[in-house]
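Trainee: sequence? don't have it. structure:
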């Protein structure tokens, strides 16, 4: 945590770090996740001197978003990820569908 952080942000950092470790993340990765999350929240609330556009203009905070953007890199989820979701939803004909067809069947 940056020097001069409030006790609230310190508690938030520790809570996020512990949650990440409980999910199986390494200590190093858990610290990174916690620091990035807390720093973004600090930027959103005006507690930091500098902030990126995405930190300040994002309509939802990280906790509100709840992982909505997870696994959605430049090309979105992989065909295998889409197939597994289609399997869970019991979509007929999924085994012969292309990635685009799976996306359409899942309503993406």
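Mentor: Looks like it came in fine. This is a predicted model, so every value here is computed, not measured.

Trainee: Confidence-wise, which helix or strand of the chain is lowest on average?
Mentor: helix 53-57 (a mean of 65; mean pLDDT, DSSP states H and E).

Trainee: Which residue ranges make up each domain of the protein?
Mentor: Listed domain ranges for the chain are 7-65, 71-108 (source: automatic domain parsing).

Trainee: Where among the ones you listed is average confidence lowest?
Mentor: Least confidently modelled of the domains of the chain is domain 7-65, at a mean of 82 by mean pLDDT.

Trainee: chain center to that one: distance?
Mentor: 11 Å (CA atoms, centre = their mean, to the nearest Å).

Trainee: Use 40 as the first number for this chain going forward.
Mentor: Yes, from this point I'll number from 40; that puts the last item at domain 46-104.

Trainee: ok so, going back, JSON lines for the domains of the chain, including mean neighbour count?
Mentor: Placement of C-beta: from N, CA and C, glycine included. Formatted as JSON lines, the domains of the chain follow (neighbours: other CB atoms under 10 Å):
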{"stretch": "domain 46-104", "mean neighbour count": "14"}
{"stretch": "domain 110-147", "mean neighbour count": "13"}
